[in-house]
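> here's a sequence, model it:
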Amino acid sequence: MSLSRLTEILKLLIEVDTTNPPGNEKGIVVLLQSLLRGAELTEFKHDEKRSSLLAEIGPMRGDRPTLTFIGHMDTVPFSRENWSYHPLKATIEAGRMYGRGSSDMKSGLACMVHLGEAFLQNPELLKANLRLIFTADEEAGGIGMRVLIEENVVSPNELLIIPEPTQMAVAYEEKGAFWFELEAFGKASHGSAPELGCNAIDSIYLFKAALTRKISAENKLVGPTTLSLNRIRGGNKVNVVPDYAVAEFDLRYPPELSMEQLTKALEESAAETAVEGCETRFKILNHRPALANNQSRLKSRIQNAMVDLGFEYKEIGVRYYTDLSSFESLGNEFAIIGPGISDQAHVEDEYLEIRSLKDTYELYVNLLTKEWPNEY
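Below you'll find the model as predicted:
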């Protein structure tokens, strides 16, 4: 293991602009095809500038487990003027690397790439099959994972490792995301006589209050249900009661709630709002299910690896969604554990503590080179 090599790979990845939109993940795929020459590579082309990539390292044997690492290549937009460091220049200062994606999650990708390089040279050291999946569009519509699911690239018995930023804590629960648009249809009236109309904007807030009551749920790892009204538009003039409004909500929920419960709560909230004289209609924009890994085999293996390496073992839950949400129907065992800092995701002057690359990489190597129980 070379920390300098991990750092070099991360620098290369940061300096390929994969801001989404538009994504342009093809640039990193071309880089990976060069760095992982000798692996069994399969490119999944989404359009001229967008691709996902599967790399299989060494022989795929049926008598041992398969560890599949999945990481996304795209990053969120930035405003250059708000950064002290250039977002695409990978600046190193005081043990940190600054740049867009340094924590979320090109640092995780750097560990994946270095695993590929190392075991291409020494495949005989592997005690598990090694698959690396680099996805496009995780920060938006998830086109990369959708295509991989459609192509049956991952099987239910594979153990999934997601190197998202967790500071080496390990997460077995992931909050769900439910984004929806709400339209409100009211009745216009003069601003001096609001009682003669029905205020569509008010109905948006009445709906929000009703829904908040119905979806309350707690979880000690991922936290409670949250409902955030993040966009709203309505009204034509200050002295006219608005007869139309439209809003977009971001609802995050723990594994204790199901899609059926959420849909029922939305329908009931819409019905209650209609009683006030306005009609509301909702449309689902995006749904990523909440996840919980209740199986113990991968968890036990990670705990043992942490002990071997002298690392602190800490379980957490993640409030954001990952590529894992696409695999809900397969029921794979999974763990979310990576070198980045979750609080650095999507922020200005995003950075990574460079030392964390080494620790994360050593953990991954331990998982791949120590004998697994016979049950696999």
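> where does the stretch 1-150 of the chain dip in pLDDT?
Confidence mapping of the stretch 1-150 of the chain against pLDDT under 70 gives the ranges 1.
> residue boundaries of the helices in it?
3-14, 26-35, 106-121, 143-150 (DSSP state H, counting those that start in this stretch).
> JSON lines for these, including mean neighbour count and distance to residue 288?
C-beta: built from backbone N, CA, C; applies to glycine. As requested, these are arranged in JSON lines below (neighbours: other C-beta atoms under 10 Å; distance: least, C-beta to C-beta, whole Å):
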{"stretch": "helix 3-14", "mean neighbour count": "20", "distance to residue 288": "24"}
{"stretch": "helix 26-35", "mean neighbour count": "19", "distance to residue 288": "23"}
{"stretch": "helix 106-121", "mean neighbour count": "24", "distance to residue 288": "19"}
{"stretch": "helix 143-150", "mean neighbour count": "19", "distance to residue 288": "10"}
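> ok, which of the ones you listed comes nearest residue 128?
helix 106-121 (10.2 Å; C-beta to C-beta).
> what's that closest one packed up against?
Contact partners of helix 106-121 among helices and strands, from 3 or more C-beta pairs under 8 Å, 6 or more residues apart in numbering; DSSP states H and E: helix 3-14, helix 26-35, strand 50-57, strand 66-72, strand 129-135, helix 355-369.
> thinking again about what came up before, out of the helices of the stretch 1-150 of the chain, which gets nearest to residue 43?
Each of those was scored for nearness to residue 43 using C-beta to C-beta, and the closest is helix 26-35 (6.2 Å).
> just to revisit the earlier point, tabulate the helices of the stretch 1-150 of the chain (CSV), appending distance to residue 362.
Supplementary listing: the helices of the stretch 1-150 of the chain in CSV, determined by distance: least, C-beta to C-beta, whole Å:
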stretch, distance to residue 362
helix 3-14, 10
helix 26-35, 20
helix 106-121, 10
helix 143-150, 28
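> picking up where we left off before, need the helices and strands packed on helix 106-121 in CSV (columns: distance to residue 260).
CSV is the format used below for the helices and strands packed on helix 106-121 (distance: least, C-beta to C-beta, whole Å):
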stretch, distance to residue 260
helix 3-14, 40
helix 26-35, 38
strand 50-57, 31
strand 66-72, 28
strand 129-135, 28
helix 355-369, 36
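> mind listing residues that contact stretch 291-303?
Counting by C-beta atoms under 8 Å, 6 or more residues apart in numbering, stretch 291-303 makes contact with 159, 170, 172-174, 176, 255, 313, 324-325, 328, 333-335, 337, 363, 367, 372-373, 375-376, all of which sit outside it.
> buried ones in stretch 45-62?
When burial is assessed from 16 or more other C-beta atoms under 10 Å, stretch 45-62 yields the following buried residues: 46, 50, 51, 52, 53, 54, 55, 56, 57, 58.
> domain ranges for the protein, per the record?
Per automatic domain parsing, the structural domains of the chain span 3-174+290-369, 176-288.
> hey, which of the ones you listed is tucked in deepest?
A comparison of the domains of the chain by mean neighbour count, using mean count of other C-beta atoms under 10 Å, puts domain 3-174+290-369 on top with a mean of 19.
> pull the distance from that domain to the chain's centre.
11 Å (C-alpha atoms, centre = their mean, to the nearest Å).
> ends of it, what's the gap?
Criterion C-alpha to C-alpha, to the nearest Å; first-to-last residue distance in domain 3-174+290-369 is 19 Å.
> mind listing what the residue positioned nearest the centre of the chain touches?
With the centre of the chain defined as its mean C-alpha position, the nearest residue by C-alpha atoms, centre = their mean is residue 322, 2.4 Å away. With contact taken as C-beta under 8 Å, 6+ apart, residue 322 is in contact with 138, 162, 164, 174, 336.
> follow-up on the earlier one: could you dump the buried residues of stretch 45-62 into JSON lines with distance to residue 2 added?
Formatted as JSON lines, the buried residues of stretch 45-62 follow (distance: C-beta to C-beta, whole Å):
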{"residue": "46", "distance to residue 2": "33"}
{"residue": "50", "distance to residue 2": "31"}
{"residue": "51", "distance to residue 2": "28"}
{"residue": "52", "distance to residue 2": "27"}
{"residue": "53", "distance to residue 2": "23"}
{"residue": "54", "distance to residue 2": "25"}
{"residue": "55", "distance to residue 2": "20"}
{"residue": "56", "distance to residue 2": "23"}
{"residue": "57", "distance to residue 2": "18"}
{"residue": "58", "distance to residue 2": "20"}
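> separation between residue 89 and residue 97?
Residue 89 sits 10 Å away from residue 97, taking C-beta to C-beta, to the nearest Å as the criterion.
> which neighbours do these two have in common?
Common contacts of residue 89 and residue 97 (C-beta under 8 Å, 6+ apart): residue 14.
> may I have the phi/psi pair for residue 169?
Summarising the backbone geometry of residue 169 under the convention degrees, to the nearest 10, its torsions are phi -80, psi 160.
> that one and residue 315 touch, don't they?
Yes: with contacts defined as C-beta atoms under 8 Å, residue 169 counts as touching residue 315 at a distance of 7.0 Å.
> residue 85 reaches residue 92, doesn't it?
No: under the criterion of C-beta under 8 Å, residue 85 lies out of contact with residue 92, with a separation of 9.8 Å.
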